[in-house]
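1. Next one to model:
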Amino acid sequence: MNELLAIHRAELERARTETNLVGPGPLDEHYLDAEAGLSDLSPSGRWADLGSGAGFPGIVLAALHPELAVDLIEPRRLRASFLSGVLLAAGSPSRIQVVQRRVQSVREHYDGATARALAPPAEVLALAAPILRPGATLVLFLQEDQPVSVDRRYRLIGEVRYAVPHRAPRRTLRLERLGPAPGGRDEPSR
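-> Numbering: from 1, shown residues only. Presented below is the predicted three-dimensional model:
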């Protein structure tokens, strides 16, 4: 197992007795979900995990792609502190950082982003649009039958369907961020 994932798992096991970062049940399901949903992904550049929470799928993304810069965006202090502790225990890899703020206040631009259990799909699409560069990839983790209406800011480029033991069937959508509207920054539709 990757050292970052081993440290993450150990810290998560320790913290789950004090907090409700992932709830009851085996941790393996969370790792399997993240790994399966990120399968066949070839990311590059700088990525963001939106609403990183306990680090899924952001920590797994960083572990699977050691050349990738990953920002774990998490506004809640307790969860951001947990993620910072994981990175400290892992030797503070400079390519991974915790950004403790709401997605709406992020001013960086990314080559890709992941979102799992952040908000309803339409809201995630709106939140991600201003921080994704044209051509960037958004990986949206969903229940298999969860409806998604892809708006004009994105183009569907792929879908991965998979199963995780003891969970409903899952899928990820891969969306490409299209360029901003001519003449200015493409803001989220209200």
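2. Excluding sequence neighbours, find me the nearest residue to residue 100.
-> Leaving aside its sequence neighbours, residue 100 sits nearest to residue 80 (Cβ to Cβ, 6 or more residues apart in numbering; 3.9 Å). Every residue, glycine included, has its C-beta placed from N, CA and C.
3. pLDDT at the one you found, what is it?
-> pLDDT recorded at residue 80 is 96.
4. check contacts around it.
-> By Cβ atoms under 8 Å, 6 or more residues apart in numbering, the contact set of residue 80 is 72, 74, 98, 100.
5. all helices for this protein, in order.
-> For the chain, the helices defined by DSSP state H occupy 3-15, 28-37, 58-64, 77-89, 121-128.
6. okay, those, which one's buried deepest?
-> Greatest average neighbour count among the helices of the chain goes to helix 58-64 (a mean of 26), per mean count of other Cβ atoms under 10 Å.
7. elements contacting that helix?
-> In this structure, helix 58-64 makes packing contacts with helix 3-15, helix 28-37, strand 46-50, strand 69-73, judged by 3 or more Cβ pairs under 8 Å, 6 or more residues apart in numbering; DSSP states H and E.
8. Which of those sits closest to residue 144?
-> The minimum distance between residue 144 and these falls on helix 28-37, with 11.7 Å, by Cβ to Cβ.
9. still on that earlier bit, any idea how far the residue nearest to residue 100 lies from residue 145?
-> Noted for residue 80: a distance of 32 Å to residue 145, by Cβ to Cβ, to the nearest Å.
10. What of residue 175?
-> 18 Å.
11. Now the closest residue to residue 125 other than its chain neighbours. Its backbone dihedrals?
-> With Cβ to Cβ, 6+ apart as the criterion, residue 125 has its nearest non-adjacent residue at 5.8 Å, and that residue is residue 151. Note on residue 151: backbone dihedrals following degrees, to the nearest 10 are phi -90, psi 180.
12. ok, longest strand in the protein?
-> Ranked by residue count and defined by DSSP state E, the top strand of the chain is strand 132-143.
13. That strand pairs with which strands, and in what direction?
-> strand 110-116 (parallel), strand 170-177 (antiparallel) (DSSP bridges).
14. Quick check: buried residues in that strand?
-> For strand 132-143, burial by neighbour count (16 or more other Cβ atoms under 10 Å) applies to 132, 136, 137, 138, 139, 140, 141, 142.
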